[in-house]
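Q: please find the sequence and the predicted model below.
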Amino acid sequence: MSAAPTAYRPLNPRRILVLARHTFTQLVRMKVFYFLAVFAVVVIGANFLELPTDHLPENAGTEILYTVKNTSLGCMSIFSLVLAIVATGLLLPKDVEDRTLYTILAKPVPRLDYLIGKWLGVVALIFVSLMAMTLLMNLVLIPHTSKVMQLQISAAEFAGASAETKAKIAEDVRALGPTWNLQAAVLVTFMRAMVLAAVALLLSTFSTSTLFTAIVGFLILFIGFFQADAREIYFGKDSGLAGKAASGIMTVILPDLQVYNLIDAIVEGKFLKAFDLLKVIGITAFYCVTYLFASWLVFARKEF
Amino acid sequence: MEPAVEIQNLTKVFRPQMGGRPVKAVDQVSITIAPGEVYGLIGPNGSGKSTTMKALLGLVAPSSGTCRIFGADSLAVDSRQDVGFLPENPYFYKHLTGAETLAFYGKLCGLRGQSLKDRTTELLELVGLTEARDRHLGGYSKGMLQRIGLAQALIQEPRLAILDEPTAGVDPIGSRQIRDLILSLKERGITVFLCSHLLEQVQEVCDRVGIIFRGRMIREGRLDDLLAIEDQTEIILRDAPPDLLEEIAALVAARQGAELIRSGRPRTTLERLFLRETVERENP
Ligand SMILES: Nc1ncnc2c1ncn2[C@@H]1O[C@H](COP(=O)(O)OP(=O)(O)O)[C@@H](O)[C@H]1O
Ligand SMILES: [Mg+2]
């Protein structure tokens, strides 16, 4: 008589996927994607910066590579963090206000699935946008890298450098181009946005307005960047057990975003070690699970 | 048979977070609805109708008392497989079309593929929105939204439909359509629990009604029984000539204790009953 029995237990992947896909389309049709267009223009604009052609110093043209990478990753950071905080902060209050939440929770949908679905929807949107931006960044970076390469090699030839030196120069320039390392930096950017989206979700389970969620979200983001320094100052290296505990609690409640700073090092051309990447993945997973769980604790008791 | 709805001594107190005094929205309300019945809860605004329904759906937790749907506790997720809910003044996702809306809710209930498609088409047909299936809900009228809401509530073929003010804000034609829909649900054997402050509607569709006022259940019973005036008897005649009526009046007058109050069409309305039980009770 009634529909085929579904699994009523929480964490049903199909149901979560339905909610995530729905959230994704909802956000796309809310035109949040227009941020993307602005970004694309900025990056393409960087493309029109001219390469210096006369008076070739030692590392001619490499600044342009730094500029492209800096503007691209900077834009990605801003875009992903704003989207994570604002879009997530919009979703719950909107569902409550429009009473769509009633109709969803009146279906056999566990509240945990609803939360994870919303979060995944935002995360998917961030992922897709970052993918598009990465593509654009690489498209700009590839011709620039080969141009710089040409310039430097011909300068070296002019100075009568050996084949070895030329190989070394080529390698150095390549390291500044569209490397796997650089793609990993995007991944780290993405993971940081995942954490912030989870923070915003937690905030929106007890906040009464999107504005509050956004303001507190950005505050937490700001604190996150400086938290490790603050901990150092307050608790010092050799504080007692209480100091260590307080410092530990602080890292859980407020995410320590300094671990994500390796993005900057990568832009500088430093090599990202597999261990560091794994560490970031682990920390991201820890924060996401913690904040989603905390959101559920609040949301499960909530009345509408 | 297991009741479709069993609310026992439900009390709900809302405690404001920032001080203020607690609000007792529902006070010791018990309602039992048999399968197949159409039950109407009536009461003025703020009397606790929506809160009772939300408790039955597990959207608010009872302060005390229990709510069950076909024997399953309302706080458990599996109780919701058998119930469809149309909230008060619903707004659905404006970015979806009618068909997409039904598909979304269907998928949440575990429907998929061809059976979901068939069900969507069937329900759009039932609520008369086949033409509007590919239009965005942003462009729907209030009556259309209410009907897509009803279709959404029925997507997984629940045995119970809970409708909060299904005709509020809908024009007379729209509300007639909704009334007819409720009657067709009844024909299909679906239990309906609706609430309203539009009494005529309730009178037309409900088998049983409860009157709730300030969170308390004041009267409850079969509509026919509630509307009957206990110490009066109605004789309905067709084509009675005036002299027959005079004869009857004379007969009654001759009899001790009996009295002819009025001839014509003696009738109370649900509205009169409602006012007597609520506003007139307030200032005795
Ligand atoms: N979430 C809530 N928090 C505080 N008070 C509430 C809440 N929901 C309802 N109330 C109060 O409970 C009472 C009953 O409301 P409601 O059930 O919506 O009435 P009705 O549906 O009959 O108009 C009202 O006084 C209302 O202000
Ligand atoms: Mg109400």
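A: Arrived safely, thanks for sending. Numbers count the residues shown, from 1 in each chain, chains lettered A, B, ... in the order given. Ligands and ions are numbered 1, 2, ... in the order given.

Q: which of the helices or strands spans residue 27?
A: I went with chain A, as the question did not name one. Using DSSP states H and E, A:L27 sits within helix A:13-29.

Q: if you could check chain B rather than the one you did, that'd help
A: Using DSSP H and E, B:D27 maps to strand B:23-33.

Q: contacts for that strand?
A: With contacts defined as Cβ atoms under 8 Å, 6 or more residues apart in numbering or on different chains, strand B:23-33 is touched by B:3-14, B:16, B:39, B:41, B:48, B:51-52, B:55, B:65, B:191, B:193, B:208, B:210, B:212, B:214-217, B:220. Every C-beta, even on glycine, is put in place using the N, C-alpha and C of the backbone.

Q: from chain B, how far out is the most centrally placed residue in chain A?
A: With distances taken as Cα atoms, centre = their mean, chain A has A:F190 as the residue nearest its mean C-alpha position (2.8 Å). Distance, A:F190 to chain B, using Cβ to the nearest Cβ, to the nearest Å: 25 Å.

Q: so who does that residue touch?
A: The contact partners of A:F190, by Cβ under 8 Å, 6+ apart, come to A:80, A:126-127, A:130.

Q: I'd like the mean pLDDT over the strand holding B:D27, please.
A: When pLDDT is averaged along strand B:23-33, the result is 95.

Q: and the two most separated of the contacts of A:F190?
A: Spatially, the most separated pair among the contacts of A:F190 is A:S80 and A:F127, at 9.2 Å (Cβ to Cβ).

Q: higher neighbour count, these two?
A: When neighbours are counted by other Cβ atoms under 10 Å in any protein chain shown, A:S80 and A:F127 differ, and A:S80 comes out ahead with 27 against 17.

Q: report the buried residues of the helix holding A:L27.
A: For helix A:13-29, the neighbour count (16 or more other Cβ atoms under 10 Å in any protein chain shown) marks A:15-27 as buried.

Q: need those in TSV with pLDDT and distance to ligand 2, can you?
A: Output for those, formatted as TSV (pLDDT from 0 to 100; distance: Cβ to the ion, whole Å):
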residue	pLDDT	distance to ligand 2
A:R15	92	29
A:I16	95	31
A:L17	96	34
A:V18	95	29
A:L19	96	27
A:A20	97	32
A:R21	96	32
A:H22	95	27
A:T23	95	28
A:F24	94	33
A:T25	92	31
A:Q26	91	27
A:L27	91	31
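
Q: and which of those residues is nearest to ligand 1?
A: A:L19 (23.9 Å; Cβ to the nearest ligand atom).

Q: the closest one contacts A:L115, correct?
A: No: the pair A:L19 and A:L115 fails to qualify as a contact (Cβ atoms under 8 Å) at a distance of 9.0 Å.

Q: with secondary structure and pLDDT added, can I get the contacts of A:F190 in TSV?
A: Shown next, in TSV, are these (DSSP: H, G, I helix; E, B strand; the rest coil; pLDDT from 0 to 100):
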residue	secondary structure	pLDDT
A:S80	helix	92
A:I126	helix	93
A:F127	helix	95
A:L130	helix	91
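
Q: now, among those residues, which is nearest to ligand 2?
A: Nearest to ligand 2 among those: A:I126, at 38.2 Å, using Cβ to the ion.

Q: relative to B:T191, how far out is that closest one?
A: Going from A:I126 to B:T191 by Cβ to Cβ, to the nearest Å gives 44 Å.

Q: how about B:E246?
A: 49 Å.

Q: give me the more crowded residue out of the two.
A: Legend: neighbour count by other Cβ under 10 Å for B:E246 and B:T191, higher for B:T191 (25 against 10).

Q: burial measure for the nearest residue to the more buried one once chain neighbours are set aside, as a count.
A: Closest residue in space to B:T191, ignoring its immediate chain neighbours: B:A4 at 4.0 Å, by Cβ to Cβ, 6 or more residues apart in numbering or on different chains. If you count neighbours by other Cβ under 10 Å, B:A4 ends up with 25.

Q: same check, this time on B:L145
A: Counted with other Cβ under 10 Å, residues neighbouring B:L145 total 20.

Q: using PDB, write out every CA atom in the helix or strand harbouring it.
A: B:L145 belongs to helix B:142-153 when assigned by DSSP H and E. Written as PDB, here are the backbone C-alpha positions of helix B:142-153 (Å, rounded to 0.1, in the frame of the first residue of the first chain):
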ATOM      1  CA  LYS B 142      -2.000  30.800  -3.700                       C
ATOM      2  CA  GLY B 143      -4.600  28.200  -4.600                       C
ATOM      3  CA  MET B 144      -2.100  26.400  -6.900                       C
ATOM      4  CA  LEU B 145       0.600  26.400  -4.200                       C
ATOM      5  CA  GLN B 146      -1.900  24.900  -1.700                       C
ATOM      6  CA  ARG B 147      -2.700  22.200  -4.200                       C
ATOM      7  CA  ILE B 148       0.900  21.400  -5.100                       C
ATOM      8  CA  GLY B 149       1.400  21.300  -1.300                       C
ATOM      9  CA  LEU B 150      -1.400  18.700  -1.000                       C
ATOM     10  CA  ALA B 151       0.100  16.700  -3.800                       C
ATOM     11  CA  GLN B 152       3.500  16.800  -2.100                       C
ATOM     12  CA  ALA B 153       1.900  15.600   1.100                       C
END
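
Q: buried set for stretch A:88-96?
A: Neighbour-count burial for stretch A:88-96, counted by 16+ other Cβ under 10 Å, picks out A:88-95.

Q: keep only those residues that also lie close to ligand 1.
A: The overlap between the buried residues of stretch A:88-96 and the neighbours of ligand 1 (Cβ under 6 Å from any ligand atom) is empty.

Q: so which of those residues comes closest to A:S154?
A: Distance to A:S154 across the buried residues of stretch A:88-96 (Cβ to Cβ) is lowest for A:T88, with 50.7 Å.

Q: and the helix or strand where that closest one lies, how far out from the chain's middle?
A: Taking DSSP H and E as the criterion, A:T88 maps to helix A:88-97. Taking the mean of its C-alpha atoms, helix A:88-97 sits 22 Å from the chain's own mean (Cα atoms, centre = their mean, to the nearest Å).

Q: now tell me what touches that helix from outside.
A: With contact meaning Cβ under 8 Å, 6+ apart, helix A:88-97 is reached by A:23, A:26, A:30, A:100-101, A:104, A:118-119, A:121-122, A:197, A:200-201, A:203-205, A:207-210, A:213-214, A:217, A:304.

Q: if you set the cut-off to 6 Å instead, what comes out?
A: With Cβ atoms under 6 Å, 6 or more residues apart in numbering or on different chains as the test, helix A:88-97 has contacts from A:101, A:118, A:122, A:197, A:200-201, A:204, A:210, A:213-214.

Q: just to revisit the earlier point, list phi and psi for the residue nearest to the centre of chain A.
A: The phi and psi torsions at A:F190 (degrees, to the nearest 10) take the values phi -60, psi -40.

Q: and it, how close does it get to B:P90?
A: From A:F190 to B:P90 the distance is 36 Å (Cβ to Cβ).

Q: how about A:F235?
A: According to Cβ to Cβ, A:F235 stands 52 Å off from B:P90.

Q: just A:S129 next, same as before
A: Applying Cβ to Cβ, the value for A:S129 to B:P90 is 31 Å.

Q: show me the shaky parts of chain B.
A: Applying pLDDT under 70 to chain B flags residues B:229-230, B:264-272, B:274-275, B:279, B:281-284.

Q: then stretch B:85-100 to CSV, C-alphas only?
A: Output of stretch B:85-100 as CSV, limited to C-alpha atoms (Å, rounded to 0.1, in the frame of the first residue of the first chain):
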residue,chain,number,x,y,z
PHE,B,85,1.8,17.1,5.9
LEU,B,86,0.6,20.4,4.4
PRO,B,87,1.8,23.2,6.6
GLU,B,88,0.0,26.5,7.1
ASN,B,89,0.8,29.0,4.4
PRO,B,90,3.4,26.9,2.7
TYR,B,91,6.0,28.3,0.4
PHE,B,92,7.9,25.7,-1.6
TYR,B,93,11.1,26.2,-3.4
LYS,B,94,10.4,28.8,-6.0
HIS,B,95,13.2,27.6,-8.2
LEU,B,96,11.6,24.3,-8.8
THR,B,97,8.7,23.5,-11.2
GLY,B,98,5.6,21.6,-10.0
ALA,B,99,6.9,18.3,-11.3
GLU,B,100,10.4,18.9,-9.9
